[in-house]
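J.: how would this look folded up:
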Amino acid sequence: MNLYDAAYLAALPVMAPAIAYKRLRHGKYRDSLPGMLGRRLPAPPLAAPGTQRCWLHSVSVGETVAAGAVYREFGRRELGWEFLCTTTTETGQAQARSTFEGTGHFAFAPADFSWIVRRFHQAYNPSLYLFFETEIWPNNLIHCGRHGLPVFMVNGKLSDRSSRRYARAGSIIREPLSHVRRFFMQTQRDAERLERIIRDPARIEVTGNVKFDALPAPLTPEERAGFRRLWGAADDAVVILAGSTHPGEEELIWKAYEETRAAHPNALLVVAPRHPERFDAVAADFAKRGARVHRTSTGDNPAPGETDVVLIDQMRVLARSFGAAEIALVAGSWSPTVGGHNLLEAGVHGIPVLRGPHMHSQPDIVRVLGPKQGAPEVAGEQLAEVLTRLCGDPGERARLGGKAAAASASNRGAAVRVVDRVLELLK
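T.: The predicted structure is shown next:
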């Protein structure tokens, strides 16, 4: 047992009740917890000696989608590698099995106790480790370093708050980070914050945001028509798609939609909650407000006019669903505790992207796709007014959408830079 193990054990009395509640109340951790505790490990060895197995780790859905761009770039090089893909959350695991289809090995990341990490490495025997954004787990990084595994942080980012917290930790955090061969950061500001922590600028490079390389392709006319049939959208319907909503945001959006629909009866609201455990509750809340709710998981195609709200209660379809809408609302941005989600998934489809004032979790994306690039910031009390105006002005929708599409496609190439550098450093 080491210092990090002791800290985790000390935190267990606080964490365990919260985990138990979420498991019993929302069904979370039923699959992930046994995997994280090392109860579903394969019997070694998995492959013949000499096999190069690249371990890609991401937290949840957004990071996993971004990791997919790097995975596909490795695939284009025809290296003959195997890949092990891990996530922390169950929604991320579902996304990984779609994003990395055919890769062979999927697992939940090991809980960062030294003995669990050791057993995980013995079972999967990875050759190198790439972790995305700031998934810093000390025991795992130390184990990798002591056993000669090259480690790379990909798409790294650090907020001012996180960098101050890590800086206060001193050698406690610098020791595990000393085993990272390169930090590939999203922006120069992220790099500068990290430099203050590790004090080794030679290991830090700015490669950009790989999320720009993970955007969906625009829909074909047939695909767009298929989504709209599933939603019961009339030919002249103006579809407002609110993606990745959190508690409190559905009520805000519904009130704005009611005002908008009073002026534009052809408006149709489509809502995709961020977390699947909320699907039933969100549907029930809309029904209590008197809305006729259609859930896409039924597979039925309602007739136009039969529904007031369409609920996307399926995972891994939101990014492409934006392509069948006229206006996007990217949620999480009307919640000060969340700080926004990926605007690019909507912008790439050439539609206006409305977002709230809280985008502190996505500074790099706001830099690229901001108010001047087709993604205006709209306060909650102004949402009805803006939606009403856009529903009645197809020319303005086209103008904003064109800017959003151009901006979303303008910063690609980070995945190529990351893979190039990893392969160079491995030589």
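J.: CA only for contacts and neighbour counts going forward, please
T.: Will do.
J.: How many neighbouring residues does Glu101 have?
T.: The number of residues packed near Glu101 is 12, by other CA atoms under 10 Å.
J.: Let me see the ranges of the strands in the stretch 201-350 of the chain.
T.: In the stretch 201-350 of the chain, the strands defined using DSSP state E, counting those that start in this stretch lie at 204-206, 238-245, 267-273, 293-295, 309-311, 327-330.
J.: got a list of what Arg193 touches?
T.: Leu158, Ser159, Asp160, Ser163 (CA atoms under 8 Å, 6 or more residues apart in numbering).
J.: Only the buried residues of the helix or strand hosting it, if you could.
T.: For Arg193, the element it lies in under DSSP states H and E is helix 188-198. For helix 188-198, the neighbour count (16 or more other CA atoms under 10 Å) marks Arg189, Asp190, Ala191, Glu192, Arg193, Leu194, Glu195, Ile197, Ile198 as buried.
J.: Report the rounded mean pLDDT for the longest helix belonging to the chain.
T.: In the chain, with assignment by DSSP state H, the single longest helix is helix 3-26. On average, the pLDDT along helix 3-26 is 85.
J.: just checking, next helix/strand downstream of that helix?
T.: helix 32-36.
J.: Would you indicate which residues of that next one are buried?
T.: For helix 32-36, burial by neighbour count (16+ other CA under 10 Å) applies to Ser32, Leu33, Gly35, Met36.
J.: Does the last one touch Phe113 like I think?
T.: No: using CA atoms under 8 Å, Met36 makes no contact with Phe113, being 10.0 Å away.
J.: Identify the residues contacting the residue most central in space within the chain.
T.: Closest residue to the average C-alpha location of the chain: Gly62 at 1.0 Å, with CA atoms, centre = their mean. Gly62 makes contacts with Gly92, Asn342, as judged by CA under 8 Å, 6+ apart.
J.: Alpha carbons of whichever strand or helix holds it, as PDB, please.
T.: According to DSSP H and E, Gly62 maps onto helix 61-76. What follows is helix 61-76, C-alpha atoms only, in PDB (Å, rounded to 0.1, in the frame of the first residue of the first chain):
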ATOM      1  CA  VAL A  61     -19.000   9.900 -24.300                       C
ATOM      2  CA  GLY A  62     -17.400  13.200 -25.400                       C
ATOM      3  CA  GLU A  63     -13.900  12.100 -24.700                       C
ATOM      4  CA  THR A  64     -14.500   8.700 -26.400                       C
ATOM      5  CA  VAL A  65     -15.800  10.300 -29.500                       C
ATOM      6  CA  ALA A  66     -12.700  12.400 -29.600                       C
ATOM      7  CA  ALA A  67     -10.500   9.400 -29.000                       C
ATOM      8  CA  GLY A  68     -12.100   7.800 -32.000                       C
ATOM      9  CA  ALA A  69     -10.400  10.300 -34.300                       C
ATOM     10  CA  VAL A  70      -7.000   9.200 -33.000                       C
ATOM     11  CA  TYR A  71      -8.000   5.500 -33.200                       C
ATOM     12  CA  ARG A  72      -9.000   5.900 -36.900                       C
ATOM     13  CA  GLU A  73      -5.800   7.700 -37.700                       C
ATOM     14  CA  PHE A  74      -3.800   4.900 -36.200                       C
ATOM     15  CA  GLY A  75      -5.900   2.500 -38.300                       C
ATOM     16  CA  ARG A  76      -5.000   4.400 -41.500                       C
END
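J.: Now do the buried residues in it.
T.: Buried-residue list, helix 61-76, by 16+ other CA under 10 Å: 61-71, 73-74.
J.: if we can go back for a sec, of all the buried residues of helix 32-36, which comes closest to Met359?
T.: Taking CA to CA as the measure, Met359 lies nearest Ser32 of those, at 28.9 Å.
J.: if we can go back for a sec, output the buried residues of helix 188-198 as a markdown table; include the columns pLDDT and distance to Val317.
T.: What follows is the buried residues of helix 188-198, written out as a markdown table (pLDDT from 0 to 100; distance: CA to CA, whole Å):
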| residue | pLDDT | distance to Val317 |
| --- | --- | --- |
| Arg189 | 92 | 33 |
| Asp190 | 93 | 31 |
| Ala191 | 96 | 33 |
| Glu192 | 95 | 36 |
| Arg193 | 94 | 35 |
| Leu194 | 95 | 35 |
| Glu195 | 95 | 38 |
| Ile197 | 94 | 39 |
| Ile198 | 94 | 39 |
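J.: Pick the one among the residues you listed closest to Leu423.
T.: Checking these against Leu423 with CA to CA, the nearest one is Ala191 at 21.2 Å.
J.: Is that closest one in contact with Glu205, as I believe?
T.: Yes: counting by CA under 8 Å, Glu205 is a contact partner of Ala191 at 7.1 Å.
J.: List the contacts of Gly232.
T.: Asn301, Pro302, Ala303, Pro304, Gly305, Glu306, Thr307.
J.: How is the protein partitioned into domains?
T.: According to automatic domain parsing, the chain comprises the domains 41-214+412-426, 221-408.
J.: can you put those domains in CSV and add distance to Tyr4?
T.: Shown next, in CSV, are the domains of the chain (distance: least, CA to CA, whole Å):
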stretch, distance to Tyr4
domain 41-214+412-426, 7
domain 221-408, 27
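J.: weakest of these by average pLDDT?
T.: For these, where the average pLDDT is lowest is domain 41-214+412-426, sitting at a mean of 91.
J.: Kindly check the end-to-end length of that domain for me.
T.: 28 Å (CA to CA, to the nearest Å).
J.: And for stretch 173-192?
T.: By CA to CA, one end of stretch 173-192 lies 17 Å from the other end.
J.: neighbouring contacts of that stretch?
T.: With CA under 8 Å, 6+ apart as the contact definition, stretch 173-192 has outside contacts at 137-139, 141-142, 144-145, 150-159, 166, 197-198, 203-209, 364, 418.
J.: 7 Å - rerun?
T.: The contact list for stretch 173-192, computed with CA atoms under 7 Å, 6 or more residues apart in numbering, reads 138, 141-142, 145, 150-158, 166, 198, 203-209.
J.: mind listing the helices for the stretch 301-427 of the chain?
T.: Assigned helices in the stretch 301-427 of the chain, in chain order: 318-321, 344-347, 363-368, 383-391, 394-408, 414-426 (criterion: DSSP state H, counting those that start in this stretch).
J.: All set, thanks.
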